[in-house]
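> Return atomic coordinates for the entry below.
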Amino acid sequence: MALRLADRLDTLPGIGPARARGLEKLGLVTVEDLLRCYPRSYEDRRKFSTVAAAPVDIPVCLELLVAEPPRLSRIRKGLELVKARLVDDTGSLTATFFNQTYMKDALRPGETYIVYGKVEGPPGRRQMTNPVCERSDRVRFTGCILPVYALTHGISNNLLAGLARRCVDECAGQMEEVLPGPLRREHALATAEFACRNIHFPRDEEALELARRRLIFEELFYLTCGMALLRTRRDEAAGVPFAIPPVEEFLALLPFPLTGAQRRVMDEIAADVSAGPPMNRLVQGDVGSGKTMVAAYGAWLAAKNGRQCALMAPTELLAEQHFRSLAPLLEQASLRVGLLTGAVKGRARKELLAALAAGELDLLIGTHALLSEGVDYADLGLVITDEQHRFGVAQRAALSAKARRPPHVLVLSATPIPRTLSLVIYGDLDVSVIDELPPGRTPVQTFVVGEDKRQRMYGFVRKLVGEGRQAYIVCPAVEEGEDEGAGLKAAASYARSLQTEVFPDLRVGLVHGKMKPREKDAVMTAFAGGELDVLVSTTVIEVGVDVPNAALMVVENADRFGLSQLHQLRGRVGRGRHQSYCVLVTSTRNPDSRARLKVLTKTTDGFQIAEEDLKLRGPGDFFGQRQHGLPQLRIADLAGDMRALKEAQLAARELLERDPGLKRPEHAPLLKQVHRLFEQHGDMFN
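Residues are numbered from 1 along each chain as shown. Next up is the predicted model:
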């Protein structure tokens, strides 16, 4: 019976319940799931050699005859060896298989096999360890470019590649051609069938590149279309416009003047909320640029119009910080401000939620707790999410869903995103930039130092602590050996050594992502309260509480971080009246790596740094972690595939100008794929 795309993998021979569970863990249930599960890398098994000519330590294929019956040796409990002598016209070698007893009977004397692996040893004593062996008349995984897939326990690459081979052979021709013909021809894109066959089992490098190009373009095209459709639906939604009172009333609440950039963004917000459709605006600005005051203005506008506001922050500490800074300010204008985090329990939580539902709270500040069941608003008119790179489209939608009428949405981010990326990541938002720091902020002095300056750096830490300041020391790992590469500073052991050997007379604390939220918050609170002199940390402090007294940021193994991430870390200091410093410690002698770090010593402009970071790093995850709430991309890389992204954005824009809602019958398959990419967002398109 012919295989179909919708057929379940557990109906195929060799897939029992255990393997089916393993496949499901990888997200593979149907044949189509497997065809859309792209290899993470490839092994080129096309190079053939002879025993005499085989290079040392470079995997090759050899066509060899089994010269005599393989021998099985039991060395000790748990260790069995099978040895076989294999020959060709140029010589012989010994193949050794560890704990693969079945190879004793699998290799038959007198038969020829294609053997793949590394040949070791001098001429006359050549050997291979655990090579791949296939009978020369039944080859599947030798003599080809072999796909290498992401695996899980109980699922081997040979199993997945074997399944993929059958599914590709029988079903690649059933893959629906979604991209319109004219668009494919204009951008010289391969067909869906060609892409499917050659992404799994490429004919050659050129075919693989054509397949990758098609699939990357296709995925970015769907993503761009989806974000544009979200924006179109938003623009068509019926919002509830706010009346705009004189801005002087709000400015009178503030103990300091606002910058021109803050005033400009406030004007943009006022224009949005007083128009027809709901506002959906992103405010980008470096740490300390004054985004919180812009958010306060939004909350004040909502309250002045009898509507409620919710402000969601990624951590309890940040939520508490917002509450401490905003509550006294807004209470002057008679706004009622509440705080909801996981720490608010029992009677206090009940009373808070009752006040919210009764309309007796104007602004509720909190963490993800704002999304939880039982948190009901009387009339939610404005949703604000802080540190946008920790949230995403889905969470904004979930919070907005708590409103009776479509609310206005304001998104804050201290992560500068290059414009090309922001067009797709924030494709459903209008973008404002606060590109001016408040007066009196002294730029952080930044230095790149080698290991030879370590003792001087320790002396500098001691000097600043002696002046009453505090210091952060950031490491790339939590525990020894958890990351690749020798010589990486691990926060846990480094904190112990600093406390016992380097700074025995100072108060050294430790915080990292493997700690429970309460433990992290307790350490950060102690540091903020001046109870610690030095805080050793991983990048968990990248988004954190303000500590104006912290005047030094030391980053160990700085070459292991992206420039944008280093800029974020640097933004943790320089928040008080004292001159602050950032010291980037690196042992690398690579001139390119050192030149990259030097960029930070020359500029504090986050957007310039982000563009430079993207240019220098090329492929790779620009954000260090996948964007929460954005669709999971299977093959495209937002940072690495910039040319394809620009091409896909242009093509999507042109198509959507002709058919704004993708409502034409010929675009139905395309709309279905866009929905499929965004399916993790539930009813977002409904």
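> what's the neighbour count on Leu600?
Here the number of neighbours of Leu600 (other C-beta atoms under 10 Å) works out to 23. (Each C-beta comes from the backbone N, C-alpha and C, glycine too.)
> In contact with it, which residues?
By C-beta atoms under 8 Å, 6 or more residues apart in numbering, the contact set of Leu600 is 446, 448, 563, 566-567, 570, 582, 584, 609.
> any idea which of these has the most stuff around it?
His567 (29 neighbours).
> Spatially nearest residue to that one (excluding sequence neighbours)?
Nearest residue to His567 in three dimensions, chain neighbours excluded: Ile609, at 4.9 Å (C-beta to C-beta, 6 or more residues apart in numbering).
> which element is that neighbour on?
Per DSSP states H and E, Ile609 falls inside helix 606-617.
> And Asp272, by the same measure?
If you go by DSSP H and E, Asp272 is part of helix 260-273.
> Then Arg214?
Counting by DSSP H and E, the element that carries Arg214 is helix 205-236.
> Any buried residues in that helix, and which?
207-208, 210-231, 233-234 (16 or more other C-beta atoms under 10 Å).
> Ok, stretch 245-265 next?
For stretch 245-265, the neighbour count (16+ other C-beta under 10 Å) marks 247, 250, 253, 258-259, 261-262, 264-265 as buried.
> ditto for stretch 33-44
By 16+ other C-beta under 10 Å, the buried positions in stretch 33-44 come out as 33-39, 42-43.
> what's the answer for stretch 571-586, then?
For stretch 571-586, by 16+ other C-beta under 10 Å, it's 571-576, 578, 580-586.
> And the residues you listed, which is closest to Gly530?
Gly576 (12.0 Å; C-beta to C-beta).
> The residue lying closest to Asn590 once chain neighbours are set aside - how many residues pack around it?
Leaving out its chain neighbours, the residue that sits closest to Asn590 by C-beta to C-beta, 6+ apart is Asp559, at 7.4 Å. The tally of other residues near Asp559 (other C-beta under 10 Å) stands at 19.
> Point out where the chain drops to low pLDDT.
Within the chain, the ranges that satisfy pLDDT under 70 run 1, 234-237, 387-396, 415-428, 440, 479-487, 542-545, 614-631, 638-640, 680-686.
> and Glu531, how far is that from Ile609?
Using C-beta to C-beta, to the nearest Å, we find Glu531 at a distance of 33 Å from Ile609.
> where along the stretch 251-400 of the chain do the helices fall?
Counting by DSSP state H, counting those that start in this stretch, the stretch 251-400 of the chain has helices at residues 260-273, 291-304, 316-331, 346-357, 393-400.
> and Thr50, which of the ones you listed is closest to it?
helix 393-400 (57.2 Å).
> Quick check: can you name the pairing partners of whatever helix or strand comes next after the closest one and their directions?
Per DSSP H and E, helix 393-400 leads on to strand 408-413 as the next helix or strand towards the C-terminus. If you go by DSSP bridges, strand 408-413 pairs up with strand 280-285 (parallel), strand 380-385 (parallel).
> what angle sits between strand 408-413 and helix 291-304?
170 degrees (axes from the mean of the first three to the mean of the last three C-alpha atoms, to 10 degrees).
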